[in-house]
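Q: please find the sequence and the predicted model below.
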Amino acid sequence: MSIFKIINCGIVVLLFSVKGMAAEPIKAVELYTQDELLMLISKNEHLDRVVLDRCQLVQDIEARAETLKIPAFQFLWGDMLAWGVCIDAEPARGISYMKEAADQGLAPALEQLGRYYAQGKLVQLDKQRGVVYLREAAALGNLSAQIHLAELFIEGYGSPYDYEDAYHWLYNAITDDKDIHSKIANCMQNLEKLMHPKAVRSAKRPLDS
């Protein structure tokens, strides 16, 4: 018995043949579109999905990250390298791919880098650098970044000139997660203590105004 792997048009098909018998498909895995991948990333399910697909799409993911330079795939490939998912771990290369995705304005990459610098995860602890990444992600509407940014402001990092924006984003945030809702309320309450009442009133404006 022999097994063949054919890659064509973003679809990986495994075929097996037995002597005297024609090859027949046993499984087909379609490579995710960027929109599908972004949805997986938003749910933090992107690495689980790669493993669930039995690591069959590694070469396709690498090609889209390295050759096509598609931001979502750069982020996925960077995460795989950073944590050794389906490949040998290479944290330095992983972070570099995350930065390439962040340079293209991918909010999840900006948020993750900001969080990593704020926590000292894989990289050296640098909360001020974390603020820079998180602020960019927050401005793009990433709720996780908005919360982490507010927490850093409350700890004393970043610029007071940015408090109003942070409060504004959280004031307009929408979530059905009770824990996140409570965390947002707590961040707003603590930010208010650091802000002038006029700035708080100004921050309580609709997003489109």
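A: Perfect, thanks for sending it.
Q: contacts and neighbour counts: CA atoms only from here.
A: Will do.
Q: okay, now the domains of the chain?
A: Residue ranges for the domains of the chain, per automatic domain parsing: 1-30, 33-104, 113-209.
Q: low-confidence ranges, the chain, go.
A: Residue ranges of the chain with pLDDT under 70: 1-28, 209.
Q: now the strands for it?
A: 2-8, 11-17, 24-30 (DSSP state E).
Q: I'd like the domains of the chain as JSON lines, with mean neighbour count appended.
A: Listed next are these as JSON lines, based on neighbours: other C-alpha atoms under 10 Å:
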{"stretch": "domain 1-30", "mean neighbour count": "12"}
{"stretch": "domain 33-104", "mean neighbour count": "18"}
{"stretch": "domain 113-209", "mean neighbour count": "18"}
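Q: what about residue 112, how many residues nearby?
A: By the measure other C-alpha atoms under 10 Å, the count of residues near residue 112 is 24.
Q: which ones are touching it?
A: By C-alpha atoms under 8 Å, 6 or more residues apart in numbering, no residues touch residue 112.
Q: mind running it again at 10 Å?
A: Taking C-alpha atoms under 10 Å, 6 or more residues apart in numbering, we find residue 112 in contact with 75, 79, 95, 98-99, 102, 118, 121, 130, 133-134, 137, 144-145.
Q: any chance of those residues in TSV, plus distance to residue 186?
A: Putting these into TSV (distance: C-alpha to C-alpha, whole Å) gives the following:
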residue	distance to residue 186
75	31
79	31
95	31
98	30
99	31
102	29
118	19
121	25
130	21
133	22
134	19
137	21
144	14
145	15
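Q: looking at those, which is nearest residue 54?
A: Checking the contacts of residue 112 against residue 54 by C-alpha to C-alpha gives residue 79 as the nearest, at 16.6 Å.
Q: now do the contacts for the residue lying closest to residue 34 once chain neighbours are set aside.
A: Leaving out its chain neighbours, the residue that sits closest to residue 34 by C-alpha to C-alpha, 6 or more residues apart in numbering is residue 72, at 6.1 Å. For residue 72, the contacting residues are 33-38, 41, 61, 64-65, 78, 98, 101-102, 104, 106-109, by C-alpha under 10 Å, 6+ apart.
Q: can you rerun that using 8 Å?
A: 34, 37, 38, 65, 101, 106.
Q: now do the second one against residue 48, distance only.
A: Right, the one you point to is residue 37. As judged by C-alpha to C-alpha, to the nearest Å, residue 37 and residue 48 stand 12 Å apart.
Q: give me the contacts around the longest helix along the chain.
A: Longest helix in the chain, counting residues (DSSP state H): helix 178-192. Contact with helix 178-192 is made by 147, 150, 151, 153, 154, 163, 167, 170, 171, 175, 200, as judged by C-alpha under 8 Å, 6+ apart.
Q: from the chain's centroid, how far away is that helix?
A: Remark: helix 178-192 is offset 22 Å from the chain centroid, using C-alpha atoms, centre = their mean, to the nearest Å.
Q: now swap in stretch 36-54 and tell me
A: For stretch 36-54, the distance to the chain centre is 11 Å (C-alpha atoms, centre = their mean).
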